[in-house]
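Asker: got a predicted model here, sequence first, then my questions.
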Amino acid sequence: MDLLSQLNEQQRAAVTSADGPLLILAGAGSGKTRVIAHRIAYLITERGIWPRNILAVTFTNKAAEEMRNRVNKILAGLELGSVPLISTFHSLCVRVLRRDIEALNAGYSRSFTIYDQDDTVRLTRNCLRDLGLDDKQLAPRSVQAAISAAKNRGEDAESYTARAQFIDERRASIARVFQLYEERLHKNNALDFDDLLIKAVRLLRDVPEVRERYNDRFRYLLVDEYQDTNQLQFALIRLLTEWQQNICVVGDPDQSIYRWRGADIKNILKFEEHFPSAKVIRLEENYRSTQNILDVASGVIKHNVERKEKALWTQNPPGERIRYYQALDAESEARFVAGKIQEHVSVEPDLRAAVLYRTN
């Protein structure tokens, strides 16, 4: 099986650097999904790693499905006996908890219910009502978002309440809701999405035999979009790599856009501190854009303080020069944007256009 002939030099290095910690800094459009899929296939076909000993985690079901499809296509026709686990963080945690949550001795059974966002907002609304709080002053959705943000920071209801007493009345009210919200989740044998990570981390941290089982099971770990991981996900990764450090993370600090939901860019910036023997490979050849676009993007992003240096380049033509338009007001800006869309659509009727803006 020829896995490497269609890869560039940096991609081949990323695929074949099998053992030990590896940070792949993958610029936009540099083929990172291809590299992850080929790396999984390389471990199986060239290194003889049993597929069930490989774990790849990412953030969305769509990304996980795309990765599975690519790996299956590469390995089509081979008799493997097992398959690598390619999963989202939350799906991985569900798998762990469905088997072992009772080992926490925290009053949960393996038949626990998972509350989605609608369920958690409904529960929050009921808690507000039963505490006699005005859901006009404290919107259920914003209260639930505050609870979720606290959980992602590693705060439980008690620590959130302790801090709330010294801040303001609104936060103190949210703390009361948080406590009742947690009590009712527990009473209903239910977990919200944040709990899936929290309980899985607690389980692996506090129950050595469970941690040992998963360290033995997953000998090679790959993490996509590493720049978007939060502290809970980082803790999960560290617990799963306690025995061995065959961990490959793929990401780009320049594409970190989820700090508002708890992502911690320091996870990728300090990877070499967390894993001192780490190797770093940069994927810098871009297959998506023209050089003019890359030059402008690089010229802007270089002013970021927290980043790792890389130089994106492409074999594509230079392309049109980037134009900058400064409107006098919002209305003239809207007319300009609408006019440009009409101009492009008149040439390409099936063109799909996107308008990006900073805030709602």
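Answerer: Done, it's in. Residues are numbered from 1 along each chain as shown.
Asker: show me where pLDDT drops low in the stretch 1-150 of the chain?
Answerer: Low-confidence segments of the stretch 1-150 of the chain, defined by pLDDT under 70: 1.
Asker: switch the cut-off to 90
Answerer: Along the stretch 1-150 of the chain, the model assigns pLDDT under 90 to residues 1-2, 18, 77.
Asker: that one: helices as residue ranges?
Answerer: Counting by DSSP state H, counting those that start in this stretch, the stretch 1-150 of the chain has helices at residues 9-16, 32-45, 61-74, 89-100, 117-130, 140-152.
Asker: centre of the chain to the last one, how far?
Answerer: Distance of helix 140-152 from the chain centroid (C-alpha atoms, centre = their mean, to the nearest Å) equals 19 Å.
Asker: give me the residues contacting the helix or strand following that helix.
Answerer: Once the chain leaves helix 140-152, the next helix or strand it forms, by DSSP states H and E, is helix 157-164. Residues from elsewhere that reach helix 157-164 (C-beta atoms under 8 Å, 6 or more residues apart in numbering): 150, 155, 171-172, 174-176, 178-179, 181-182. Where you see a C-beta, it was placed from the backbone N, CA and C, and this is true even at glycine.
Asker: just the CA coordinates for helix 157-164, please, in PDB.
Answerer: Extracted as PDB, the C-alpha positions of helix 157-164 are listed here (Å, rounded to 0.1, in the frame of the first residue of the first chain):
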ATOM      1  CA  ALA A 157     -21.700  24.900  42.400                       C
ATOM      2  CA  GLU A 158     -20.000  25.300  45.800                       C
ATOM      3  CA  SER A 159     -16.900  27.100  44.400                       C
ATOM      4  CA  TYR A 160     -19.100  29.300  42.200                       C
ATOM      5  CA  THR A 161     -21.200  30.200  45.200                       C
ATOM      6  CA  ALA A 162     -18.200  31.000  47.300                       C
ATOM      7  CA  ARG A 163     -17.000  33.500  44.700                       C
ATOM      8  CA  ALA A 164     -20.400  34.900  44.000                       C
END
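Asker: circling back to that earlier point, buried only: go through the contacts of helix 157-164 for me.
Answerer: Among the contacts of helix 157-164, those buried by neighbour count (16 or more other C-beta atoms under 10 Å) are 150, 155, 171, 174-176, 178-179, 181-182.
Asker: tell me the two of those that are most distant?
Answerer: Spanning the widest gap among the buried ones among the contacts of helix 157-164 are 171 and 182, at 16.2 Å by C-beta to C-beta.
Asker: residue ranges of the strands in the stretch 251-360 of the chain, please?
Answerer: 279-283 (DSSP state E, counting those that start in this stretch).
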